[in-house]
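[1] Got a sequence here, can you model it:
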Amino acid sequence: MDQPRGSSIPDALNSRGYASILDVVGRVCRDYADRPAFTSFGRTLSYGELDRLADAFAVYLQRNTDLEPGDRIAVQLPNIIQYPVVLFGALRAGLVVVNTNPLYTPREMEHQFRDSGAKALVIYKSMAHQAEKIIGNTGVRHVIVTQIGDLHGYIKRTLLNAAVKYLKKMEPDFDLPEAVCLRDALAAGKGLKPRAVVPDTSDIAVLQYTGGTTGLAKGAMLTHGNLVSNMLQGSALISRAEKGWSETAIAPLPLYHIYAFTLSLIVMESGGHTVLIPNPRDLDAFVRDLRQQRISCFIGLNTLFVALCGRDDFRNLDFSNLKVTISGGMALTHDAADCWQQVTGCEIMEGYGLTETSPAVAINPPGGVRVGTIGLPLPQTEVKIIDSDAVEVTPGTPGELCIRGPQVMVGYWQREAETQAAFTDDGYFMTGDIAVQEADGYLRIVDRAKDLIIVSGFNVYPNEVEDVVVSHPDVIECAAVGIPDAHCGEVIKLFVVSRNKQLDADNIRDWCRERLTRYKVPKLVEFTQDLPKSNVGKVLRRKLRDTEDDAA
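    Residues are numbered from 1 along each chain as shown. Model prediction:
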């Protein structure tokens, strides 16, 4: 291959000479100190405050722990303003951030902490009781706990934290005697400057976990160069929609998800303001937040567009400032795109990406949107489409989409064989998705990685669900497939062969809820005498999907 993956940021993109995320954060905090950076629950952090708080957290990590540059720190927070403080503070201390879903079950947490070798954990207090169950089985030695109101003023902090604990009863008791409150950690480093850490573009910034074919998540190693490159690629294209903008973006997707993570960097790089939505399922609160901001950039996915457009209070909002709407995570339907444009007057730019590509690969350009496609490759991104013999096909012919560019990961953490298998000999990442590229360059996904299920924008690998279900003593075997759903894009249907006739769907779902994040729990369960298999005994999930399609 031409150069090591993640080793450089193309000069054609990098007019400011960034070498790392820290360069980006340092510049914007200096140049835009008085501008709003992040807002959540009515509290806004300016770039200047973000800078000082990130420094304070970095100082705490350097002086009050034994963590060294390159060590991993798991960050398990919802969309609250503590997230960017912790993220940039950890990076300033030279640590590698392991983004972790705050809704993970203890089983999922244990795997990710053990696999990453995380030595520290920053966790939302509502989930600390779950960490208590598995922390002794991991290498985590330092735990920092935060409550929802920790960065608010005294009165609002007291009210918010009391409401969560006593009214909503969302903070079960836990026993982590060595845990430190984030407020205390920030106080320990207040007003001090951390020891300078100067990461190279090839240094790992984030371990971003993605589902694996073995049923367990694996960490994509994303370097500073990967993330800065993808930020600049996105900025170069999105800025064409609004020259010289300084946007206010709404972020209903969680920052631990790579889609929202990188888009928040794009917003920051222009000195923009990101409004974090902690719970996009609470549409009443979501619309209230929208009413309070003059949003110029909306980051969402198909199910959210549909849900919002069906509400009268949303339709009555002022969209005169909305210039950019970006869709990703799942396919955008024509109906959703048409309805959104009719309601808001703004076209949706659908894109495509993967965890392994930081994530963006392609997007519909401003003024050139074609619904039903994923648009054109981003600047400095090479694509090719190959057949089953790894031979490049002609335009208009379906084949596997392969990507090469500065945003492509270094590889999978501690999985050299899987890393090698994921790349062609000339350095293209093989996505597993079947695509067509038209003569004018537009790309269209015609089939997804064969077994992947996407529930409301979240990837679910059937193996993980199946591994949990077959651990039930009454289950002989099972298979999980995705079924089209108007609201979620897909839902999980589970086919179960049972040895106990008393076993029912509720038993299965209860078993799964204890071991899997909510979106991975099967919505539909069907009991069957046997599963379709190949002549070598492999379960044929496609046959199950085809049967469902025929029934529909």
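[2] Spell out the secondary structure type for Thr325.
    Taken by DSSP: H, G, I helix; E, B strand; the rest coil, the conformation at Thr325 corresponds to strand.
[3] Test of understanding: give the bridge partners of it.
    Counting by DSSP bridges, Thr325 forms beta bridges with Phe298, Ile348.
[4] Please work out how many residues are found near Gln293.
    Applying other Cβ atoms under 10 Å, we find 15 residues neighbouring Gln293. (Glycine included, C-beta is placed from N, CA and C.)
[5] and it, what element?
    Using DSSP states H and E, Gln293 maps to neither a helix nor a strand.
[6] Now do the same contact list for Gly189.
    Gly189 is in contact with 55-60, 63, counting by Cβ atoms under 8 Å, 6 or more residues apart in numbering.
[7] what's the closest of these to Asn507?
    For those, the residue nearest Asn507 by Cβ to Cβ is Phe57; the value is 44.5 Å.
[8] can you pull the buried residues of the helix or strand harbouring the closest one?
    Phe57 is located in helix 47-64, with elements delineated by DSSP H and E. Neighbour counts over helix 47-64 (16 or more other Cβ atoms under 10 Å) mark 47, 49-62 as buried.
[9] Give me the next element, helix or strand, following that helix.
    With elements assigned by DSSP H and E, the helix or strand that comes after helix 47-64 is strand 72-76.
[10] Give me the contacts around that next one.
    Strand 72-76 is contacted from outside by 61, 67, 83, 86-87, 90, 95-102, 104, 109, 112-113, 116-124, 127, 131, 140, 207, 256, using Cβ under 8 Å, 6+ apart.
[11] In its sheet, which strands sit next to that strand, and in what direction?
    For strand 72-76, pairing defined by DSSP bridges yields strand 96-99 (parallel), strand 120-124 (parallel).
[12] Can you report how many residues lie near Ala37?
    Around Ala37 there are 26 residues (other Cβ under 10 Å).
[13] what does the one 5 residues further on give?
    Neighbours of Gly42 under the rule other Cβ under 10 Å: 10.
[14] The closest residue to it other than its chain neighbours in helix, strand or coil?
    With sequence-adjacent residues excluded and distances taken as Cβ to Cβ, 6 or more residues apart in numbering, Gly42 is closest to Lys156, at 7.4 Å. Secondary structure, three-state DSSP: Lys156 is helix.
[15] Lys156 and Gly225: what is the separation?
    Distance, Lys156 to Gly225, using Cβ to Cβ, to the nearest Å: 40 Å.
[16] same thing with Ala251?
    From Ala251 to Gly225 the distance is 24 Å (Cβ to Cβ).
[17] Thr158 against Gly149, yeah?
    Yes - counting by Cβ atoms under 8 Å, Thr158 touches Gly149, with 7.3 Å between them.
[18] neighbour-wise, which of these two wins?
    More neighbours surround Gly149 than the other of Thr158 and Gly149, with 22 against 12 (other Cβ under 10 Å).
[19] Give me the phi and psi for that one.
    Phi and psi for Gly149, reported as degrees, to the nearest 10, are phi -100, psi 10.
[20] Per-residue pLDDT of it, please?
    Looking at Gly149, its pLDDT stands at 96.
[21] show me what contacts Tyr60?
    By Cβ under 8 Å, 6+ apart, the residues touching Tyr60 are 89, 185-186, 188-189.
[22] same thing with Ala362?
    Contacts of Ala362 by Cβ under 8 Å, 6+ apart are 351-353, 374-378, 381, 383, 443.
[23] what's the closest of those residues to Arg515?
    Of all the contacts of Ala362, Arg515 sits closest to Gly353, with 28.7 Å by Cβ to Cβ.
[24] so what's that closest one up against?
    Counting by Cβ under 8 Å, 6+ apart, Gly353 touches 258-259, 328, 359-362.
[25] likewise Thr274?
    By Cβ under 8 Å, 6+ apart, Thr274 lies in contact with 37-39, 248-249, 251, 264, 267-268.
[26] quick one: what helix or strand has Pro78 in it?
    Following DSSP H and E, one finds Pro78 outside all helices and strands.
[27] State the distance from Glu490 to Gln437.
    Distance of Glu490 to Gln437, given as Cβ to Cβ: 25 Å.
[28] which one of the two has more residues nearby?
    Counted by other Cβ under 10 Å, Glu490 and Gln437 do not tie: Gln437 has more neighbours, with 24 against 20.
[29] Quick check: the spatially most central residue of the chain vs Val465, distance?
    For the chain, the residue sitting closest to the mean C-alpha position, by Cα atoms, centre = their mean, is His257 at 1.3 Å. For His257, the distance to Val465 equals 19 Å [Cβ to Cβ].
[30] domain ranges for this protein?
    21-198, 225-447, 453-551 (automatic domain parsing).
[31] give the contact list for Gly139.
    Neighbouring residues of Gly139 by Cβ under 8 Å, 6+ apart: 113-114, 117-119.
[32] How about Ala37?
    28, 44-47, 49-50, 84, 268, 273-274.
[33] Next, format those as TSV and append pLDDT.
    Below are the contacts of Ala37 laid out as TSV (pLDDT from 0 to 100):
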residue	pLDDT
Val28	97
Thr44	98
Leu45	98
Ser46	98
Tyr47	98
Glu49	99
Leu50	99
Pro84	99
Met268	95
His273	96
Thr274	97
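[34] farthest pair in those residues?
    Across these, the longest distance by Cβ to Cβ is 15.4 Å; it joins Val28 and Thr44.
[35] more crowded one of the two?
    Taking neighbours as other Cβ under 10 Å, Val28 and Thr44 compare with Val28 leading, 22 against 14.
[36] check contacts around that one.
    Contacts for Val28 (Cβ under 8 Å, 6+ apart) come out as 37, 47, 268-269, 271.
[37] In strands, which of those fall?
    Applying DSSP state E to the contacts of Val28, the entries found in strands are Ala37.
[38] Can you show me the strands along the stretch 251-400 of the chain?
    273-276, 297-300, 324-327, 348-353, 360-363, 376-377, 382-386, 399-404 (DSSP state E, counting those that start in this stretch).
[39] next one: the stretch 451-552 of the chain
    Under DSSP E, counting those that start in this stretch, the stretch 451-552 of the chain gives strands at 453-455, 458-460, 475-485, 489-498, 524-527.
[40] relative orientation of the longest one and strand 489-498 in degrees?
    The directions of strand 475-485 and strand 489-498 differ by 160 degrees, with axes from the mean of the first three to the mean of the last three Cα atoms, to 10 degrees as the criterion.
[41] Only alpha carbons, please: show strand 475-485 as CSV.
    Provided in CSV are the C-alpha atoms of strand 475-485 (Å, rounded to 0.1, in the frame of the first residue of the first chain):
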residue,chain,number,x,y,z
VAL,A,475,-32.6,-23.1,24.0
ILE,A,476,-31.1,-25.6,21.6
GLU,A,477,-30.3,-23.1,18.8
CYS,A,478,-31.5,-19.8,17.3
ALA,A,479,-31.0,-17.3,14.6
ALA,A,480,-31.5,-13.5,14.5
VAL,A,481,-32.4,-11.5,11.4
GLY,A,482,-33.5,-8.0,10.6
ILE,A,483,-37.1,-7.3,9.6
PRO,A,484,-38.1,-4.0,7.9
ASP,A,485,-39.9,-1.6,10.3
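[42] That strand packs against which elements?
    The contact analysis (3 or more Cβ pairs under 8 Å, 6 or more residues apart in numbering; DSSP states H and E) places strand 475-485 against strand 453-455, helix 462-470, strand 489-498, helix 541-551.
[43] so which of the ones you listed comes closest to Gln341?
    So among those, strand 489-498 is nearest, using Cβ to Cβ, at 19.8 Å.
[44] which of the residues in that closest one are buried?
    For strand 489-498, the neighbour count (16+ other Cβ under 10 Å) marks 489-496, 498 as buried.
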